[in-house]
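K.L.:
Dropping a prediction and its sequence here:
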Amino acid sequence: MRSGKPDLLKRWAGFTLVELLVVLSILALLLSLAVPRYFYGVQRAKEQALKQQLATTRKALDEFFADQGQYPETLQELVDKHYLDKLPWDAMTERNDVWTIAAPELPLVGGVYSLHSSATGQAADGTLYTDW
């Protein structure tokens, strides 16, 4: 004599297509809410890293001027004379060799008075990256 229980277990062992579609729809909804926030957070982190790098490099330029009486000819000179550990990294362009360099006005001497990012576009606050 056979019991009906094995047939009942076999019948309810899997998920229906409707159940799977509901779960996938819920996941899609949650992802559509989370992904934009993630990318916004990544963008803000890059902006903060760029601001910090600019502040650090500009401070090193001021220290170089205070010690040497002139501004460095290149950014590499700041590294060579140990004012910076390495060339500054632009988080927006993800490179360290594309800075926009501003030379000092006469009578000041040197090649690097300040630097700006070469990244195109606007920050979250509406300012251009090149204006920082």
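P.N.:
That came through, no problem. Since we're looking at a predicted model, the values are computed, not measured. Numbers count the residues shown, from 1 in each chain.
K.L.:
what's near enough to touch the residue at minimal distance from the centre of the chain?
P.N.:
Among the residues of the chain, Lys46 comes closest to the average C-alpha position under Cα atoms, centre = their mean, at 2.2 Å. In this structure, Lys46 makes contact with 91-92, judged by Cβ atoms under 8 Å, 6 or more residues apart in numbering. C-beta: built from backbone N, CA, C; applies to glycine.
K.L.:
Which secondary structure element is home to it?
P.N.:
In this assignment (DSSP states H and E), Lys46 forms part of helix 17-68.
K.L.:
Am I right that Ile101 is in a strand?
P.N.:
Yes - counting by DSSP: H, G, I helix; E, B strand; the rest coil, Ile101 falls inside a strand.
K.L.:
Need the pLDDT of it.
P.N.:
With respect to pLDDT, Ile101 has a value of 95.
K.L.:
Around it, count how many other residues there are.
P.N.:
By the measure other Cβ atoms under 10 Å, the count of residues near Ile101 is 13.
K.L.:
Might you report the residue contacts of it?
P.N.:
Shown here is Ile101, whose contacts under the criterion Cβ under 8 Å, 6+ apart are 75, 111-112, 114-115.
K.L.:
Show me which of those residues is closest to Thr93.
P.N.:
Top of the list for closeness to Thr93, among the contacts of Ile101 and by Cβ to Cβ, is Leu115 at 12.4 Å.
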